[in-house]
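Student: Test case, fold it:
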Amino acid sequence: MDKTLDEIIATRPKGIRRTTSRRNSGKAQVLGSPPHPPAARARAAATVTTKSTAAAPTNQQPADKIIVSNLPPDVNEVQVKELFHSTVGPLREVTLHYDSQGRSKGVAAVHFQRRGDGTKAFQQYNNRLIDGKRPMKIEIVLDPSRPAPSASLVSRVAPAPVAPTEGARLGGAAARGGRRGERPNKSVADLDAEMEDYTANNAPAA
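Tutor: Here you go, the predicted structure:
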């Protein structure tokens with residue numbers, strides 16, 4: 001019962017005695033080494049990291065509090081502290097919740113000393129497997145007294161207008177000049193009438 005949380009997360013094949021060595025770090029003891037070859041472990045870790053990063057909240061205040069759930073019933077506060085202190089950052093407080101019978105509910109509240117470590121813990125441990133089969137759930141607790149950071153001034157300033165090129169200016173002026181000098185279209189009858197007037201005015205006198 002004095003094992004670290006890292007040891008509990010570690011996969012323990014049935015029929016094999018547990019070693020009494022404490023050389024493993026808190027992270028290795030909690031999360032363990034799944035019974036897969038190194039290449040398979042690397043692929044699985046990459047997949048979990050990608051999913052966790054994608055699920056991490058964005059555009060929110062840096063968090064320093066998290067709720068950890070789906071922990072095994074034999075995990076205690078000391079093991080939770082060791083895991084997050086050794087792999088994320090210094091802690092203010094860790095509280096593991098128990099039922100009326102004194103059994104762990106598998107839920108712990110973790111308060112870090114530094115803002116942002118809660119978000120880091122979410123990205124690092126959300127959905128990580130314990131004992132190779134139980135996904136550990138991490139939820140970020142936001143402080144309502146702290147407003148979310150506003151958008152940066154850079155993102156709020158409109159981009160500079162694009163200056164027209166020399167060709168565009170000349171083309172616009174030519175188009176405007178053409179519109180001012182344009183003559184109204186004439187019908188065939190108007191052209192015939194003008195031709196008759198021209199012929200009559202320029203015909204030689206009899």
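
Student: going forward, measure contacts between C-alpha atoms and count neighbours the same way
Tutor: Will do.

Student: Quick check: what element follows the helix or strand bottoming out on mean pLDDT in the chain along the chain?
Tutor: Least confident helix or strand, the chain: helix 38-55 with a mean of 48, by mean pLDDT, DSSP states H and E. Counting by DSSP states H and E, the element after helix 38-55 in chain order, helix or strand, is strand 65-69.

Student: Show me what the following helix or strand past that next one packs onto, helices and strands only.
Tutor: On the C-terminal side of strand 65-69, the closest following helix or strand by DSSP H and E is helix 77-87. Under the contact criterion of 3 or more CA pairs under 8 Å, 6 or more residues apart in numbering; DSSP states H and E, helix 77-87 touches helix 5-9, helix 26-31, strand 91-98.

Student: What mean pLDDT does the first one get?
Tutor: Throughout helix 5-9, pLDDT has a mean value of 67.

Student: and what of stretch 130-142?
Tutor: Stretch 130-142 carries an average pLDDT of 92.

Student: List the contacts of Val88.
Tutor: By CA atoms under 8 Å, 6 or more residues apart in numbering, the contact set of Val88 is 117, 120-121.

Student: Among the residues you listed, find me the one that's closest to Ser187.
Tutor: Distance to Ser187 across these (CA to CA) is lowest for Lys120, with 79.6 Å.

Student: Identify the spatial nearest neighbour of that closest one, chain neighbours not counted.
Tutor: Val88 (7.0 Å; CA to CA, 6 or more residues apart in numbering).
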